[in-house]
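S.K.: Next input, structure requested:
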Amino acid sequence: MSSARQDAIAAVTNYKANGQSLNFRETPSGTLFASNVFNDKVMKDRLPKSAYRALQRTLRYSEKLDGSVADAVATAMKDWAIEKGATHYAHVFYPLTGLTAEKHDSFLSPTEDGSALAEFSGKELIQGEPDASSFPSGGIRATFEARGYTAWDPMSPAYILENPNGTTLCIPTAFCSWTGEALDKKTPVLRSMQALNKQAQRILKLFGHHQASPVTATAGPEQEYFLIDRNFYFSRPDLIATGRTLYGAKPPKGQEFEDHYFGAIPERVLACMLETERELYKLGVPVKTRHNEVAPAQYEVAPVFENANVATDHQQLIMLTLQRVAQKYGMACLLHEKPFAGINGSGKHVNWSMGCSVGNLLEPGDNPHENAQFLVFCAAVIRAVHRHSDLLRVTVAFSGNDHRLGANEAPPAIISIFLGDQLTDVFSQLEKGGATSSKQAGTLTIGVDTLPPLPKHAGDRNRTSPFAFTGNKFEFRAVGSSQSIAGPLVALNTIVAESLDYIATALEKAIGGDSTKLNAAVQKVVQDIIKEHKAIIFNGDNYTAEWHHEATKRALPNLKNTIEALPALIAPKNVALFAKYGVLSEREVHSRYDIYMERYCKDINTESQAALNIAKTMILPAAYRYQGELASTAASLKAATGGSVHMGTLETVTKLVADLEKNIASLEVAIGQHGSTDLMAEARHFEHDVIPAMNAVREVADKLEGIVADDLWPLPTYREMLFIK
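M.R.: So this is what the prediction gives:
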C-alpha cells in the first residue's frame with residue numbers, strides 16, 4: 001500500500017482522544033446556555049435604566065439609537081468582555097464570499113505615562129472600517145477604492161469567542177461600501193425583514209390587530225455534514241482544494257443497506273457532537289437535534305426557530321464551530337454538497353415562518369378553514385412561490401448544489417409546494433366557493449396493547465418536495481449545506497412581502513373601511529389566488545418522470561443547473577421587485593449576478609486544475625507502475641514457459657492507461673481555452689467543455705482504482721474514508 005494511505009489508516013485505527021473529557025457533570029448545559037452572549041439579561045443588569053429602555057425600543061420597534069446610548073452600551077459591553085478575558089473586539093461580517101469575516105482591534109490604547117488604558121466608545125461599537133477592496137463587489141467598487149464600513153447590528157447580540165489563549169468580543173455587523181451599497185449578506189436580510197413587516201402589518205390591522213409587535217421572519221435551518229479522519233483528508237489533495245473528492249470508485253458497500261440513518265452514533269463522533277453543542281450553547285445557539293444521516297459518515301444538527309437575522313448569524317457559527325471542534329477530535333468536517341459521488345450529498349433545510357405578538361402567522365389551528373387570517377398568509381406564500389419560483393431557484397444555484405439537486409437525495413430543480421391533505425382540501429373547497437370543513441388529525445392505532453394511542457397529523461410529510469408545509473411553517477429543502485441561508489431568506493421575505501402587499505391592497509379596496517365586509521373579501525381574494533396559482537401545488541413524488549412532464553404542462557420552470565438559473569436574478573421583474581421594496585438596488589442585484597457567475601467559474605477552474613494535477617502526478621504514475629509490474633510478470637512467465645502467456649489484465653490496464661493519457665490531454669486543452677471576458681461565455685465553457693473533460697478523466701481513473709494493485713493506489717479510497725473511524 002502507498003505510504004501515505006498506509007500511514008493514514010494506521011493513524012486512524014490507532015486514534016486516541018487528545019485532551020481531557022468535558023466536565024459535564026459539574027456544569028450542566030442549562031447553566032452554559034448563552035453564558036458568552038451579551039443578551040437581554042446581561043444588558044438589563046449592566047446598563048443604566050434609561051439606556052436599557054432606549055435600546056429595547058430600538059430592538060422592538062426599530063427606533064434609531066442615540067449616540068449617548070451607544071456609548072453606554074459600548075462601556076458595558078467592554079467591561080463584560082474584559083471580565084471574560086477579552087483583550088480585543090472584532091466586527092464580524094458576512095461578505096459575498098459566503099463566509100464569515102472579522103477584523104480584530106485591541107481595547108488597549110497607550111497613555112502618556114507609558115501604560116495602557118482599555119477603551120471602547122460608542123463610535124467604535126457602531127462603525128468599523130475594514131478594507132473593502134479585496135472582497136467581491138461585482139463592479140460596485142474598483143480595486144483601488146478600498147474604503148468599506150461595518151455597521152453594528154443591535155438586533156443580533158454580541159458574543160465572546162473562546163480560544164485556548166484568550167477570548168474575543170465578537171460584534172455582528174453589516175458591511176457596506178463607501179457609497180452605502182451592500183457588500184454583504186446581512187444588509188439585504190435586514191432590509192427584506194423590514195419590507196415583510198411593513199406589508200404584514202397592513203394585513204394584521206385589517207384583522208383588528210392595531211398594536212401588534214413587528215412581524216419577524218423566523219428560520220430554523222438544519223445542517224447536514226460529513227466527518228472523516230483528518231489523516232484521510234490531508235491525503236486527498238482534491239478535498240483540500242475543492243471540498244469534494246474528484247476521484248473515487250464506488251465501494252462494495254454504500255448506503256444501500258439503509259443502516260446508517262438514525263443509527264447509533266459512533267463514540268468518537270458523539271464526543272465531537274457533544275463538545276460542538278456545548279460550545280454553541282455558550283454562544284446562545286439553540287441546537288436541538290443530532291443524528292446520523294443517510295450516507296455513511298454523514299450527520300445532522302438542527303436548531304430551533306429564531307429571528308431570521310439571528311438564525312443567519314448563528315448558522316455561520318454552527319458551520320465554524322463544527323469545523324473547529326472536529327479538528328480537536330482528529331476529524332475534518334466536510335460541508336460541501338457532494339463530497340462523495342454515489343451516495344447522498346448534504347443540504348440545509350431552511351424552515352421558514354413569520355410571527356409577532358399575535359402568534360405564528362402560519363399556524364393553521366385545529367380548524368384551518370375557519371382561520372381566515374392564516375388562510376390569507378398561507379395564500380400569500382403560495383402566490384409568492386408561484387410568481388417567483390425562478391428567484392427561489394436562483395438562491396440555491398451554485399456549482400456544489402448542481403451535484404445534488406434532482407438526484408434521489410434532494411428535491412428537483414423544479415420548485416413546487418407540498419401542502420398536505422388537510423390544507424389542499426381546504427384550499428380546494430375555497431376555490432369552489434367556500435370551505436366548510438377541515439380533515440381532522442385523529443389518532444394513530446399501532447396495534448400493540450401496551451402502546452398508547454398517538455396523535456396523528458392531518459397530513460403526511462413529503463421529503464421529495466423542495467418547498468413543503470410542515471405543520472406551522474414551510475421547509476425550503478433545496479438549500480445547499482455549505483451556503484449562507486441569507487440569500488434564500490432575502491428572496492422568501494421579499495416575495496412574500498410583495499404578495500402581502502397585493503392582498504392588503506385588494507382587501508383595503510374591497511372593504512373600503514367597512515370591517516363587516518372583511519370575511520367576504522378574504523374569501524374572494526383567496527379564491528382568486530388559488531385559481532390562478534394552484535399549479536405550484538403538488539403533493540406527489542417529485543422524483544418521477546411523470547411529474548417532470550406534468551410540471552412542463554403547468555409551465556413551471558425547470559432550471560436544471562447554475563448556468564440556466566442565474567440569469568433569472570437579473571430578469572427585469574426580479575430587479576424591479578427588489579428595488580420596489582428597498583431590498584437591493586439594480587446595481588446591487590447586478591453585482592451579485594456577476595459575483596455568483598464568477599464564483600461558478602472559479603469553482604470549476606479550481607476543480608479542473610486539481611483533477612488534472614492529481615491525474616498526472618498520482619493516478620497515472622500508479623497505473624504506469626502496475627502496468628510495468630504486469631509486463632515484467634508476463635515477460636518472466638514467457639521466458640519460464642517458452643510459450644505464449646495470456647495477460648488479460650495487462651491488456652485492460654494498457655487500454656485504460658492509453659484512455660487516461662488521452663483524456664488528460666483533452667482536459668488540459670479544455671482548461672487552456674478559457675479566458676473569455678464575457679462571464680456567461682466563460683461559464684458556459686466550463687459547463688460544456690471543462691466539466692465533461694473532468695468527468696471523462698474520472699471515469700477512467702475510477703476504473704483503474706478497481707484494477708491497480710492496492711499497494712500502489714495513492715489515494716485513500718471511499719471504503720476507507722467512509723467506514724474507518
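
S.K.: Not counting its neighbours along the chain, what's nearest the most centrally placed residue in the chain?
M.R.: Centrality entry for the chain: nearest residue to the mean C-alpha point is Gln483, 3.8 Å, by CA atoms, centre = their mean. What sits nearest to Gln483 in space, not counting adjacent residues and going by CB to CB, 6 or more residues apart in numbering, is Gly98, at 5.9 Å. Where C-beta positions appear, they are placed from N, C-alpha and C, glycine not excepted.

S.K.: Name the spans of the stretch 101-250 of the chain whose pLDDT lies under the cut-off.
M.R.: Low-confidence segments of the stretch 101-250 of the chain, defined by pLDDT under 70, are located at 143.

S.K.: Which stretches in it count as helices?
M.R.: Applying DSSP state H, counting those that start in this stretch to the stretch 101-250 of the chain gives helices spanning 122-126, 186-206, 230-234, 237-242.

S.K.: now the last one, how far from the centre of its chain.
M.R.: In this case it means helix 237-242. How far helix 237-242 lies from its chain's middle: 20 Å, per CA atoms, centre = their mean, to the nearest Å.

S.K.: Tell me the first helix or strand C-terminal of it.
M.R.: Once the chain leaves helix 237-242, the next helix or strand it forms, by DSSP states H and E, is helix 267-282.

S.K.: what's the angle from the helix or strand following that next one to helix 267-282?
M.R.: Using DSSP H and E, the next helix or strand after helix 267-282 towards the C-terminus is strand 287-292. Strand 287-292 runs at 170 degrees relative to helix 267-282, counting by axes from the mean of the first three to the mean of the last three CA atoms, to 10 degrees.

S.K.: Distance check, the residue nearest to Leu246 when sequence neighbours are not counted against Asn401.
M.R.: Using CB to CB, 6+ apart and skipping residues adjacent in sequence, the residue nearest Leu246 is Asp238, 4.1 Å away. To Asn401, Asp238 is 18 Å away according to CB to CB, to the nearest Å.

S.K.: so the residue nearest to the centre of the chain touches Val396, yeah?
M.R.: Yes. Using CB atoms under 8 Å, Gln483 is in contact with Val396, at 7.3 Å.

S.K.: buried residues in the helix or strand harbouring Lys573?
M.R.: According to DSSP H and E, Lys573 maps onto helix 572-580. Applying a neighbour-count criterion of 16 or more other CB atoms under 10 Å, the buried positions in helix 572-580 are Asn574, Val575, Leu577, Phe578.

S.K.: just curious, which of the residues you listed is nearest to Cys176?
M.R.: Using CB to CB, Phe578 comes nearest to Cys176 of the buried residues of helix 572-580, at 16.1 Å.

S.K.: What is the burial count for the closest residue to the closest one other than its chain neighbours?
M.R.: Excluding the flanking residues, the one nearest Phe578 by CB to CB, 6+ apart is Leu584, at 4.0 Å. Leu584 has 25 neighbouring residues, counting by other CB atoms under 10 Å.

S.K.: isn't Leu584 right next to Pro188, touching?
M.R.: Yes. Assessed by CB under 8 Å, Leu584 is found in contact with Pro188 at 5.6 Å.

S.K.: Need the residues touching each of the two.
M.R.: Counting by CB atoms under 8 Å, 6 or more residues apart in numbering, the common neighbours of Leu584 and Pro188 are Ala182, Val490.

S.K.: before we move on, the earlier item: and the buried residues of helix 572-580 as CSV, adding pLDDT and distance to Ala332?
M.R.: CSV is the format used below for the buried residues of helix 572-580 (pLDDT from 0 to 100; distance: CB to CB, whole Å):
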residue, pLDDT, distance to Ala332
Asn574, 98, 38
Val575, 98, 40
Leu577, 98, 40
Phe578, 98, 38
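
S.K.: Specify which member of the residues you listed is nearest to Gly434.
M.R.: Ranked by distance to Gly434 (CB to CB), the buried residues of helix 572-580 are led by Leu577 at 32.2 Å.

S.K.: For that closest one, list the residues it contacts.
M.R.: Leu577 neighbours (CB under 8 Å, 6+ apart): His388, Leu391, Thr494, Ile495, Glu498.

S.K.: ok so, going back, more neighbours, Asp238 and Asn401?
M.R.: More neighbours surround Asn401 than the other of Asp238 and Asn401, with 25 against 20 (other CB under 10 Å).

S.K.: which residue packs closest to the more buried one, ignoring adjacent ones?
M.R.: Gly480 (4.1 Å).

S.K.: Any stretches of the protein with poor pLDDT?
M.R.: If you take pLDDT under 70 as the line, the chain has these spans: 1-2, 18-20, 25, 143, 368-370, 407-408, 435-460.
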